[in-house]
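In: please work out how this folds:
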Amino acid sequence: MVWEEMSDPTTLEALACNEGLAIAMDYNILKVCIASDCQEVIMGIATIPKCRCLVVLNDINIRSHHFVRAEFRHESWDLNVDAHKLAKFVCTLSEGRHAWLLNPPGFIETHVNLTSHE
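Out: You can find the predicted model right below:
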């Protein structure tokens, strides 16, 4: 997702986590694990502190209740290389939603499994 005029890294990371939940809901996936290298967002999802991305964290909290299991995990930057490559790439795209479910850009090495298991 590309948002025009949005540059706060923490808010963008929270929006990305929220978008991940939205996509999982669209595909009727019941169990999700969202990984982020932003400890502030991961901790904020659990505690909902008063911060600049409060509204997004509240939305994540509400959406997460639609799943059988929704896990939010902190991963260090070096384990999340594909996400950083993708983040740099989307900065070149126009505003809006961009998704590559079957054919991700060639530099992406890790593929997402969108198989829904009930």
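In: mean confidence (pLDDT) on the host helix or strand of Val41, please.
Out: If you go by DSSP states H and E, Val41 is part of helix 39-47. In this model, helix 39-47 has an average pLDDT of 93.
In: in whichever helix or strand comes after it, which residues are buried?
Out: Later in the chain than helix 39-47, the nearest helix or strand by DSSP H and E is helix 54-64. Judged by neighbour count using 16 or more other Cβ atoms under 10 Å, the buried positions of helix 54-64 are 56-57, 59-61, 63-64. To be clear about C-beta, it is placed using only N, CA and C from the backbone, and glycine gets the same treatment.
In: next up, the contacts around Cys38.
Out: 9-10, 13-14, 74 (Cβ atoms under 8 Å, 6 or more residues apart in numbering).
In: can you show me the CA trace of stretch 61-70 as PDB?
Out: Extracted as PDB, the C-alpha positions of stretch 61-70 are listed here (Å, rounded to 0.1, in the frame of the first residue of the first chain):
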ATOM      1  CA  ASN A  61      -6.800  -4.800  17.800                       C
ATOM      2  CA  ILE A  62     -10.400  -4.900  16.600                       C
ATOM      3  CA  ARG A  63      -9.600  -6.800  13.400                       C
ATOM      4  CA  SER A  64      -7.400  -9.300  15.200                       C
ATOM      5  CA  HIS A  65     -10.500 -10.600  17.000                       C
ATOM      6  CA  HIS A  66     -11.900 -11.800  13.700                       C
ATOM      7  CA  PHE A  67      -9.300 -14.600  13.500                       C
ATOM      8  CA  VAL A  68      -9.000 -17.900  15.300                       C
ATOM      9  CA  ARG A  69      -5.400 -16.800  16.000                       C
ATOM     10  CA  ALA A  70      -3.700 -13.500  15.300                       C
END
